[in-house]
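>>> Structural data only, the sequence is not supplied:
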């Protein structure tokens with residue numbers, strides 16, 4: 001095993017994909033000789049040439065539109081939106097063409113392309129650099145939406161996304177770029193595409209989260225263990241397709257659920273998760289499904305982002321509201337029912 005950061009894992013995934021399939025192309029703003037703002041594409045132009053990894057003008061709609069044409073022509077483009085909110089000018093292309101081409105052509109034409117989007121906060125970025133925009137893409141039928149939380153997942157999910165026959169929005173948590181894990185790209189340990197992963201086993205309540213929320217949820221679970229509360233942590237990994245089976249199995253076992261997301265709460269991914277859990281696990285629930293989210297405001301200035309982002313304390317506050325002491329018999333019955 002080799003210690004590898006998420007940034008290195010993504011770089012390795014792109015390099016391996018370029019080596020194995022000449023149809024794979026990588027392009028976007030400053031992804032060529034510079035290697036991208038976060039150096040995810042570092043060295044790829046040197047190794048594969050400017051015809052395989054190249055810079056584009058600062059025109060996100062044009063970048064995605066070019067990728068659509070290339071995918072229609074048999075290539076497998078991987079494009080980078082430099083920051084989350086920079087992708088908004090390309091959203092018309094994504095919603096009108098990328099997501100609809102297979103349906104529009106009655107399945108005769110697919111678009112095997114990946115749109116990489118560094119997203120979320122925690123890096124002290126200014127406006128337009130820290131949005132959690134996943135709900136826009138999850139709400140758009142025809143797109144697959146992926147967000148890794150570990151270097152191992154970053155490698156394998158990106159490899160799977162590149163080989164997928166349909167368009168994939170690949171959302172990379174910026175503050176996890178420098179997180180390390182024992183990752184061996186040649187030894188697949190990650191769950192399959194479309195499957196969630198249980199990052200921590202527990203019996204008393206389930207924390208459902210994804211991307212940048214995973215390490216925060218794990219931190220909260222460790223703190224809760226000190227108070228005798230055993231929390232299970234489920235990392236969704238892919239938001240579309242959504243792994244109902246893993247989430248439902250966990251919540252039916254624990255009888256309680258807290259959904260954690262960095263994005264603002266209203267009409268977010270967490271609301272959909274809470275609804276699905278309530279619909280499928282109603283008779284197993286010993287308490288309402290709760291959410292811990294960012295506030296319903298535009299992303300704040302860097303000095304205020306720590307107050308905006310969900311942290312372990314806010315998660316533990318939600319866990320306290322699950323009223324373990326008030327309903328021990330119900331908790332016991334929920335476990336027995338599972």
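Thanks, I have the structure now. The structure presented is a predicted model; accordingly, all values stated were derived computationally and were not measured.

>>> Would you enumerate the residues in contact with residue 67?
Applying CB atoms under 8 Å, 6 or more residues apart in numbering, we find residue 67 in contact with 27, 77, 79, 98, 113, 115. From N, CA and C alone the C-beta is placed, and that goes for glycine too.

>>> That one: helix or strand, and which one exactly?
Using DSSP states H and E, residue 67 sits in helix 60-72.

>>> do residue 181 as well
Using DSSP H and E, residue 181 sits within strand 180-183.

>>> before we move on, what about residue 199?
Going by DSSP H and E, residue 199 is in strand 197-200.

>>> Tell me the helices and strands packed up against that strand.
Taking 3 or more CB pairs under 8 Å, 6 or more residues apart in numbering; DSSP states H and E as contact, the helices and strands that strand 197-200 lies on are helix 213-225, strand 231-235, helix 244-254.

>>> I'd like the average pLDDT over it.
Per-residue pLDDT values over strand 197-200 give a mean of 97.

>>> And the contacts of the helix or strand following that strand?
Where DSSP H and E defines the elements, the next helix or strand beyond strand 197-200 is strand 205-209. Contact partners of strand 205-209, identified using CB under 8 Å, 6+ apart, comprise 216-217, 220-221, 229, 231-236, 247, 250-251, 253-261, 273, 277, 315, 319, 322.

>>> Need the mean per-residue confidence for strand 205-209.
98.

>>> Give the pairing partners of it; include direction for each.
Strand pairing for strand 205-209, using DSSP bridges, gives strand 231-235 (parallel), strand 257-264 (parallel).

>>> need those in CSV with distance to residue 181, can you?
Output for those, formatted as CSV (distance: least, CB to CB, whole Å):
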stretch, distance to residue 181
strand 231-235, 13
strand 257-264, 20
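
>>> wait, which of those strands is closest to residue 287?
strand 257-264 (8.3 Å; CB to CB).

>>> Just give me how far the closest one sits from the chain centre.
Offset of strand 257-264 from its chain centre (CA atoms, centre = their mean, to the nearest Å): 13 Å.

>>> spatially speaking, which residue is in the middle of the chain?
By CA atoms, centre = their mean, the chain has its centre lying nearest to residue 147, at 1.8 Å.

>>> and it, what pLDDT?
For residue 147, pLDDT reads 98.

>>> Quick one: mean pLDDT for stretch 265-277?
98.

>>> which parts of that stretch are buried?
Under the neighbour-count criterion of 16 or more other CB atoms under 10 Å, stretch 265-277 has 265, 268-274, 276-277 buried.

>>> Could you list the low-confidence segments of the stretch 1-150 of the chain?
Along the stretch 1-150 of the chain, segments meeting pLDDT under 70 span 1.

>>> Start from the N-terminal end of it and give the strands.
2-5, 24-28, 53-55, 76-80, 114-119, 144-146 (DSSP state E, counting those that start in this stretch).

>>> returning to what we had before: chain center to the strand holding residue 199, what's the gap?
15 Å.

>>> can you list contacts of that strand?
For strand 197-200, using CB under 8 Å, 6+ apart, the contacting residues are 149, 153, 190-191, 214, 217-218, 221, 231-235, 237, 246, 250.

>>> between those, which is nearest residue 33?
Nearest member of the contacts of strand 197-200 to residue 33, counting by CB to CB, is residue 153, at 28.6 Å.

>>> Okay, and that closest one sits in which element?
Residue 153 belongs to helix 151-163, assigned by DSSP H and E.

>>> Let's have the contacts of residue 67 in a markdown table, adding distance to residue 285 and neighbour count.
Listed next are the contacts of residue 67 as a markdown table, based on distance: CB to CB, whole Å; neighbours: other CB atoms under 10 Å:
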| residue | distance to residue 285 | neighbour count |
| --- | --- | --- |
| 27 | 47 | 21 |
| 77 | 44 | 25 |
| 79 | 42 | 25 |
| 98 | 37 | 27 |
| 113 | 40 | 25 |
| 115 | 36 | 27 |
